[in-house]
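Asker: Pasting a predicted model and its sequence here:
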Amino acid sequence: MTRLGFSDTIAAIATAPGHAGVGIVRVSGPGALRVADGLFRGRGQPSRTRGGRFLYGEFVAEGAERLDDGLCLVFRGPHSYTGEDVAEFQTHGSPAVLSRLLARALDLGARPARPGEFTLRAYLAGRLDLAQAEAVLDLVNAGTDTARRQAALGLSGALGDRVDRIAAGLTRTLAAIQAMLDYPEEGVPEEERGVPLAQAEADLVALVATARAGQVATRGARLALIGRPNAGKSSLLNALLGYERSIVTPIPGTTRDYLEAQLSLAGVPVTLVDTAGLRETADEVEAAGVRQAVSLAQGADLVLALEDGSLPRESLPVDLPPGTRVIRVRTKADLSAAWEDAGARAVSAVTGAGLPELREAIHAALLGDAARGEAWLTTERQADAARRALAHVQAARTLPDDLAGYELEEALRALAELTGRDVSEDVVDAVFRNFCVGK
Ligand SMILES: Nc1nc2c(c(=O)[nH]1)N(C=O)[C@@H](CNc1ccc(C(=O)N[C@@H](CCC(=O)O)C(=O)O)cc1)CN2
Ligand SMILES: Nc1nc2c(ncn2[C@@H]2O[C@H](COP(=O)(O)OP(=O)(O)OP(=O)(O)O)[C@@H](O)[C@H]2O)c(=O)[nH]1
Ligand SMILES: [Mg+2]
């Protein structure tokens, strides 16, 4: 594989498996229009058609068997998604038509595209940076409007721009330091070093703070409900969902196995996890459920710790790892309160009192540290690169000029990795492995 153009032509079904109104087979590479000539008959020939045009006609298999009628779209490199010649065949959306059409394209010399290979080619052609390519994946997978908005921002290049602005500041400071290395007795003036580095650090701290929100918005969050038996966990889960998903009874120890349910909370895909009530028990099955509840809470993005507000307060019998995000909830707020605590939100699953505020608190806990209009870091890969850049900038601030220069070079390398200007093939492979075929 060379980075300056591919000799092979790739083909894939671009639309989702299944029956639909329209389906698309896409072909990209130097032979794309020749493949199109071989399987499409219309008033014009694809290889003689200008880019940006479509032709209406029929798709024909070997032996001139007519497969379907439809459209052939012609793109000429570099004016296409991949930057190469591209032909698209838009058929009736039948898996039977699409698979025959793809088979025909392969007969005519194309090879099956690997997952993400169209977008990989767009990246290697310089039409997208790596953060934009990741945004393409986020966009395809977006199930909520928040996820879509973040992905669209990323795809527009807003994340790359945000990173580039920080990098430009670091580059200026690095240049100032290098210019002064020959005159070490003078030192770089504060306004050319200390001030911009403080700014870069603040910008990177703000950027790193978006990683959690970005990942939660695109991949969703796991939210575990824990508490003693009868605290009202299953009732609260049902109240948040708006339907009776989990069994509720007055008998403590009703929920034994954990149970998951999906919910979209202000645009964030949330998996709610109901767990067994926490208590010491001789019952082996229940004890297994309790152990499971503790480990589910430890693995969750956010824990709702429920305590029965109608009974004298008892502390929760678990230690959560430091750093775990917890919202404390006083349940059964419709009954007379046996205790009060400003740190616990009063909620009634019966009347719904306190539920809107709880939803808001959950949303704030999951997305609170990122400003809404800005481009967020949405993958762990991006977050890791941003954190490394931040660590190097922080080191640079305390070091003498020559060593600070080295740290700034490292910070710039980490930022270039973030946008994909300076990454190894392994990293690129890892990014595109997550794509589906046809994207
Ligand atoms: N049918 C279809 N719809 C699609 C795609 C596709 O490949 N096919 N896309 C794929 O993911 C997305 C759109 N992405 C695209 C990006 C650039 C170009 C393109 O041809 N750009 C040229 C021409 C621009 C122009 O005519 O103004 C260019 O940038 O030079 C096409 C699709 C979403 N919708
Ligand atoms: N009045 C009132 N009763 C509630 C409320 N929430 C739960 N209950 C009652 O409390 C009892 C226990 O509720 P569950 O939701 O099953 O409690 P749980 O925490 O899931 O209990 P386990 O599964 O046994 O651990 C049931 O009788 C519920 O009807 C509430 O907000 N108000
Ligand atoms: Mg329960």
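Answerer: Thanks, I have the structure now. This is a predicted model, so every value here is computed, not measured. Ligands and ions are numbered 1, 2, ... in the order given.

Asker: L153: what's it in contact with?
Answerer: A135, L159, E374, A375, W376 (Cβ atoms under 8 Å, 6 or more residues apart in numbering). The C-beta positions use only the backbone N, C-alpha and C, and glycine is treated the same way.

Asker: Now do the helices in this structure.
Answerer: With DSSP state H, the ranges of helices along the chain come out as 32-39, 95-107, 117-124, 130-141, 145-155, 158-180, 194-208, 210-219, 233-241, 284-299, 355-367, 380-398, 401-419, 425-433.

Asker: confidence score at the spatially closest residue to Q215 that is not a sequence neighbour?
Answerer: In space, and not counting its chain neighbours, Q215 is closest to T378: 6.3 Å by Cβ to Cβ, 6 or more residues apart in numbering. According to the prediction, T378 has pLDDT 91.

Asker: check contacts around T378.
Answerer: Counting by Cβ under 8 Å, 6+ apart, T378 touches E134, A135, D138, Q150, A151, G154, G214, Q215, A217, T218.

Asker: Next, give phi and psi for it.
Answerer: When read as degrees, to the nearest 10, the backbone of T378 gives phi -120, psi 0.

Asker: That one and G70, how far apart?
Answerer: 35 Å (Cβ to Cβ, to the nearest Å).

Asker: ok, now G116?
Answerer: Counting by Cβ to Cβ, the gap from G116 to G70 is 25 Å.

Asker: Next: G323.
Answerer: G323 is 55 Å from G70, by Cβ to Cβ.

Asker: and the nearest residue to G23 once chain neighbours are set aside, what does it touch?
Answerer: Closest residue to G23 apart from its sequence neighbours, by Cβ to Cβ, 6+ apart: G93 at 3.8 Å. Counting by Cβ under 8 Å, 6+ apart, G93 touches T15, H19, A20, G21, V22, G23.

Asker: More neighbours: G323 and G70, which one.
Answerer: Using other Cβ atoms under 10 Å as the criterion, G323 and G70 rank with G70 on top: 24 against 5.

Asker: what's the nearest residue to Q178 once chain neighbours are set aside in contact with, if anything?
Answerer: What sits nearest to Q178 in space, not counting adjacent residues and going by Cβ to Cβ, 6+ apart, is G405, at 6.1 Å. With contact set as Cβ under 8 Å, 6+ apart, G405 has these partners: L174, I177, Q178, L181, A396.

Asker: hey, what's V268 bridged with?
Answerer: Using DSSP bridges, the bridge partners assigned to V268 are L265.

Asker: Got the confidence number for it?
Answerer: 87.

Asker: With G5 instead?
Answerer: So G5 comes in at 63 (pLDDT).
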